[in-house]
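Peer 1: attaching a predicted model along with its sequence, questions to come.
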Amino acid sequence: MTEAHRSSTLFDRRKLLAWVLGGLAGSLGAGALALSSFARRPARLLARELPYLHVVPLTRDDLEVDHELAG
Amino acid sequence: MIGPMAAERSVSRESGILECQLCPKLCRIAPGESGECRVRVNLDGRLRAVTFGFPSALHVDPIEKKPLYHFLPGSSILSVATVGCNLHCKNCQNWELSQRNPEQARVYALPPAQLVALAQRERCPSIAYTYSEPIVFYEYTYETSQRARAAGLANVLVTAGYGNREPMRELFAVTDAANVDLKFFDDHLYRQICDASLAPVLDFIVQARAAGVWVELTNLVIPTLNDDDGMMRRMCRWIAKEVSADLPLHLSRFAPRYQLRNLPPTPVATLLRLRQVAREAGLRHVYVGNVPGNDGESTRCPRDGTLLVDRTGYLVRRNGLQLQRGPADRAGVARCPTCRQLIPGVWSRP
């Protein structure tokens, strides 16, 4: 391997490492952005619908006096 | 209307934060979050009452259970509650309802018109907004009350009385009676046990009475906290002076619940002693509650002691009041049949 060829290979490796690190940093940034917008999502979900309410039918028995309840 | 009702009593603060102005807590609510009550939520920059039309408890009760003893005695009352409360009392008997998020509870889908229709179907002359705290489901209470009034039904609040003046003024305009829980006559205990304060509750009582609402008070007597004669005397003197000596007071027996399981039930002797203190302080109608079969559940004439309304538990055994019907648009009055003493209350509907 000639001296010129060795220096060219080293240069390529540094360039590759820079690309990898840059990509990693970019991914982390994008991930953080996605996470922060996910954290805000529940408000928008709630605004659209109320799927979290557990609606049940009212029965005759439900109307009886409940002595455990005060008031 | 059913679903997350717009709750307009709020002002915008910085960064999308809303301040709910319904009660003295004045919660500052960030987007997607709720106030302390759990049911008033900042959704897309607007305050929403998410339990509007979604009650979690619905029962046909005797009105004596509220308790109301001087308001349509012996009648049935459709009683409704959603989850949530603006107080967090350590002794709450209904904590599974009051300290629960909307998504944790079973709910019925029942908009105001259907609730009124249900009361009519069940032959209830009134609807109670009760069990948890009607102030936090204000919009549901208010709209149902308007419709109930139009249908000839009465509206009853069973409340801790922790609401701000302006919204309460509007609510009182459609309210016929209220049982207000005056928990302690001591601000420190209100803060320590309920995460609230005394002054707004006293203001609520005075305001309700001035607005023409029939008011009765409940004081839960908790051993070691509010079972001393001095606090009872101060409270009853305040009631007699600032509101009325005719206002019925229910001294209720404590049972260990929720986060106050370390304290014992109230001895019946303590209730009877405090009842005597309340009478000596000037109140004419003082009852004991949660002691079925005790004479302190019945209404007697404050002048000659005649037994007027004989009660056992929630059951009215005999109503011996002498009723005089009023004009077509007004309720009648009631007197002691022996001495003709006028007995305050709402004894019939126009």
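Peer 2: Now that the structure is in, tell me what you want to look at.
Peer 1: C-alpha only now, for contacts and for neighbours.
Peer 2: OK.
Peer 1: buried ones in stretch B:234-248?
Peer 2: Residues B:235-240, B:243-248 are the ones in stretch B:234-248 that count as buried (16 or more other CA atoms under 10 Å in any protein chain shown).
Peer 1: next, the contact list for the spatially closest residue to B:Arg303 that is not a sequence neighbour, please.
Peer 2: Distance criterion CA to CA, 6 or more residues apart in numbering or on different chains; nearest residue to B:Arg303, sequence neighbours excluded, is B:Gln341 at 7.1 Å. Shown in contact with B:Gln341 (CA atoms under 8 Å, 6 or more residues apart in numbering or on different chains): B:301, B:303, B:335.
Peer 1: picking up where we left off before, I'd like the buried residues of stretch B:234-248 as CSV, with secondary structure, distance to B:Gly84 and pLDDT appended.
Peer 2: Shown next, in CSV, are these (DSSP: H, G, I helix; E, B strand; the rest coil; distance: CA to CA, whole Å; pLDDT from 0 to 100):
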residue, secondary structure, distance to B:Gly84, pLDDT
B:Met235, helix, 28, 98
B:Cys236, helix, 30, 98
B:Arg237, helix, 33, 98
B:Trp238, helix, 30, 98
B:Ile239, helix, 29, 98
B:Ala240, helix, 32, 98
B:Val243, helix, 29, 98
B:Ser244, coil, 31, 98
B:Ala245, coil, 33, 98
B:Asp246, coil, 32, 97
B:Leu247, coil, 29, 98
B:Pro248, coil, 28, 98
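Peer 1: and which of the residues you listed is nearest chain A?
Peer 2: B:Pro248 (15.9 Å; CA to the nearest CA).
Peer 1: tell me, how many neighbours does A:Leu28 end up with?
Peer 2: 12 (other CA atoms under 10 Å in any protein chain shown).
Peer 1: quick one: it from chain B, how far?
Peer 2: Distance, A:Leu28 to chain B, by CA to the nearest CA, to the nearest Å: 26 Å.
Peer 1: state the three-state secondary structure for that residue.
Peer 2: Recorded secondary structure, A:Leu28: helix (DSSP: H, G, I helix; E, B strand; the rest coil).
Peer 1: who in the stretch 1-150 of chain B is up against chain A?
Peer 2: B:3, B:31-33, B:42-44, B:58-61, B:65-67, B:93-94, B:102-109, B:130-131 (CA under 8 Å from any CA of the partner chain).
Peer 1: of the residues you listed, grab the buried ones for PyMOL.
Peer 2: In PyMOL, this line selects whichever of those come out buried by 16+ other CA under 10 Å:
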select buried, chain B and resi 3+31+32+33+42+43+44+58+59+60+61+65+66+67+93+94+102+103+105+106+107+108+109+130+131
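Peer 1: so where's chain A shaky on pLDDT?
Peer 2: Residues of chain A that meet the criterion pLDDT under 70 lie in A:1-11, A:31-51.
Peer 1: show me the strands in it, by range?
Peer 2: Secondary structure of chain A (DSSP state E): strands at A:54-55.
Peer 1: could I get the full set of helices for it?
Peer 2: Using DSSP state H, the helices of chain A run over residues A:3-39, A:41-48.
Peer 1: can you check the stretch 51-200 of chain B too?
Peer 2: B:95-98, B:112-121, B:138-150, B:165-172, B:187-189, B:199-210 (DSSP state H, counting those that start in this stretch).
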